[in-house]
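In: Structure for this input, please:
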Amino acid sequence: MVVSAQSQSTTYSAFQSIAQLNFQTGQLCIIGDGAISLAAGCILSGGTQELRIWAPKQKSGQNKQLPTEFEVRARGAHSVGIRQKTSFSVTSDDCKTAMGSAEAIVIASPATEYGVLAKTLAPFLKIGQTIYLVNAPVAGGLEFSNRIKAINEDLQLNVIELGGLFDQARIVDNVLLITGQRDKISMCGNSRNETRRGLEIANNLSRELVPCSNVFERGFSEVERLIRPALLLFAVLGARGRELDCISNSINPALTSVVASMETELQTLARAFKCIVHNFFDTLNDFSGAEDADCLDQALISVARSLLVQSLSPQTSSDSIPVDVAIDILKRDVCETLVLISELGRLSRTPVPVINSVIQLASTVSKTDLEKQGRSLSDLGLLGFDFHEIGELINA
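Out: Numbers count the residues shown, from 1 in each chain. Okay, the predicted model is just below:
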């Protein structure tokens, strides 16, 4: 298995206890030598499998010394949870050597890097291999497949989207510190057959793996990606200085109303594509650890800090976030998720005025035309399809 991620990638929220993993599918190779990719490898291997690292030449030296131990902590915990020795064995800058005869490849990079990764990996991929996209945005699997087909249309792969593995990973005093835990992880393949073929390895990630009917349903269930832009937008608009001190202070009845309206629009859009999407409150409780919340605003307060931790680089403190960093996260979330949802709304003639407003306000705040920069149907290889055809494709 190959694991890919970059050190500056978005951090991810979700992983099952190391003790519950049972990796049995051949050698595990990590692409990229940053904390995010190293953490993904440790979790997937359960700390027992030897890990091979592919560090591109321009990235080699990023971490001059690999951590000797890794530690897993639950979200908000200050005491040690699980601590084990790392099993990094080989570091190579040769992609072919690193991939070898890997049965599966796990990519933990943002969608903006799918194109570069596809070009790098395509010459060494083999027919029938399985690609796992960790913390994939809505329809990330369709986009990655489209990138691969543009290079080699005869290369048939199984592409599986997964939720995240953890909140944050960083290296402290030569220890890889992994924080944040989810009880459930969503997954879905580009087709139902691909989903079935991907279940064997994906089951190692969680005892409560949640297969979805299609990639839109899985993407629409990643509520954190949908509500984080609204939360950040309110925080940035209300900021009085150059830093955001306490993101939960931005949560008020007006924000809750905006989020509830986004939920209504998303559920209407989901029905157009024959998806079933649970309400935001239930999803935040089930997937994001909104414990002891009995209403949507309490759930938002409960998960607000973790929503930002997932998107911060390991070097940035979540206690005081620079406004420009918050705007960068806002731009990324809007471009990766909301712009595509807006286009799906136009295609299916489903009004999404609140989501469109968030996009427009985010564009104004960031002084960037995010609608032009965002992911589109052409990125998924669906330009020219009507929404009935897309519905048939994703439900195949």
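
In: Surely residue 229 is in a helix?
Out: Yes - under DSSP: H, G, I helix; E, B strand; the rest coil, residue 229 sits within a helix.

In: element containing the closest residue to it other than its chain neighbours, please.
Out: Ranked by CB to CB, 6 or more residues apart in numbering and with sequence neighbours excluded, the top spatial neighbour of residue 229 is residue 333, at 4.6 Å. (Each C-beta comes from the backbone N, C-alpha and C, glycine too.) Using DSSP states H and E, residue 333 sits in helix 323-333.

In: Give the buried residues for that helix.
Out: 323, 325-327, 329-333 (16 or more other CB atoms under 10 Å).

In: what's the answer for stretch 165-172, then?
Out: Under 16+ other CB under 10 Å, the buried positions of stretch 165-172 are 165-171.

In: and if you look at stretch 251-265?
Out: Here stretch 251-265 shows 251, 255-256, 258-263, 265 as buried, counting by 16+ other CB under 10 Å.

In: quick one: least confident helix or strand in the chain?
Out: Using mean pLDDT, DSSP states H and E, strand 2-4 stands out as the lowest-scoring helix or strand of the chain, at a mean of 51.

In: for the strand or helix carrying residue 39, packing partners?
Out: Residue 39 is part of helix 35-45 when elements are defined by DSSP H and E. Packing contacts for helix 35-45, counted by 3 or more CB pairs under 8 Å, 6 or more residues apart in numbering; DSSP states H and E, involve strand 2-4, strand 28-31, strand 51-54, strand 69-73, strand 168-172, strand 175-179.

In: Can you give the strand pairings for the third one, parallel or anti for each?
Out: Note on strand 51-54: by DSSP bridges, its sheet partners are strand 28-31 (parallel), strand 88-92 (parallel).

In: returning to that earlier point: mind giving me the packing neighbours of the helix holding residue 333?
Out: Using 3+ CB pairs under 8 Å, 6+ apart, helix 323-333 is in contact with helix 223-237, strand 243-244, helix 353-366.

In: looking at those, which is closest to residue 270?
Out: Nearest to residue 270 among these is helix 223-237; the distance by CB to CB comes to 11.8 Å.

In: Can I get that closest one as CSV, trimmed to CA atoms?
Out: This file holds the C-alpha atoms of helix 223-237, laid out as CSV (Å, rounded to 0.1, in the frame of the first residue of the first chain):
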residue,chain,number,x,y,z
VAL,A,223,-20.7,18.5,6.9
GLU,A,224,-17.5,20.0,8.3
ARG,A,225,-16.4,21.2,4.8
LEU,A,226,-19.8,22.8,4.3
ILE,A,227,-20.2,24.7,7.6
ARG,A,228,-16.5,25.8,8.1
PRO,A,229,-16.8,28.5,5.3
ALA,A,230,-19.8,30.0,7.0
LEU,A,231,-18.1,29.9,10.4
LEU,A,232,-14.9,31.5,9.1
LEU,A,233,-16.8,34.1,7.2
PHE,A,234,-18.6,35.3,10.3
ALA,A,235,-15.4,35.2,12.3
VAL,A,236,-13.5,37.2,9.7
LEU,A,237,-16.2,39.8,9.2
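
In: So what's the gap between that helix and the chain middle?
Out: Remark: helix 223-237 is offset 16 Å from the chain centroid, using CA atoms, centre = their mean, to the nearest Å.

In: angle of it against helix 323-333?
Out: Here helix 223-237 points in a direction 140 degrees away from that of helix 323-333 (axes from the mean of the first three to the mean of the last three CA atoms, to 10 degrees).

In: Report the inter-axis angle for helix 223-237 versus helix 353-366.
Out: Calculated by the same axes, to 10 degrees, helix 223-237 forms an angle of 50 degrees with helix 353-366.

In: Report all helices and strands that helix 223-237 contacts.
Out: helix 253-272, helix 280-287, helix 296-309, helix 323-333, helix 353-366.

In: what's the average pLDDT for the fourth one?
Out: Right, the one you point to is helix 323-333. When pLDDT is averaged along helix 323-333, the result is 92.

In: can you check the second one too?
Out: When pLDDT is averaged along helix 280-287, the result is 81.

In: any low-confidence regions in the stretch 51-200 of the chain?
Out: Where the stretch 51-200 of the chain drops to pLDDT under 70, the residues are 57-64, 76, 78-80, 181.

In: try 50 this time
Out: In the predicted model of the stretch 51-200 of the chain, residues 59-63 satisfy pLDDT under 50.

In: ok so, going back, tell me the most buried of the strands paired with strand 51-54?
Out: Highest mean neighbour count among the strands paired with strand 51-54 (mean count of other CB atoms under 10 Å): strand 28-31, with a mean of 27.

In: circling back: okay, the helices and strands packed on helix 223-237 in a markdown table with distance to residue 83 next?
Out: A markdown table is the format used below for these (distance: least, CB to CB, whole Å):
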| stretch | distance to residue 83 |
| --- | --- |
| helix 253-272 | 38 |
| helix 280-287 | 26 |
| helix 296-309 | 21 |
| helix 323-333 | 30 |
| helix 353-366 | 40 |
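
In: So which of the ones you listed is nearest residue 391?
Out: That would be helix 253-272 among the helices and strands packed on helix 223-237, by CB to CB, at 7.7 Å.

In: and the direction of that closest one versus that of helix 280-287, what angle?
Out: Using the same axes, to 10 degrees, helix 253-272 lies at 80 degrees relative to helix 280-287.

In: which outside residues touch helix 253-272?
Out: In this structure, residues lying in contact with helix 253-272 by CB atoms under 8 Å, 6 or more residues apart in numbering are 216-217, 220, 226-227, 230-231, 234, 276-277, 279-280, 296-297, 300, 341, 344-345, 348, 350-355, 358, 387, 391.

In: Can you go through those residues and name the buried ones?
Out: For the contacts of helix 253-272, buried by 16+ other CB under 10 Å: 216-217, 220, 226-227, 230-231, 234, 277, 280, 296-297, 300, 341, 344-345, 348, 350, 352, 354-355, 358, 387, 391.
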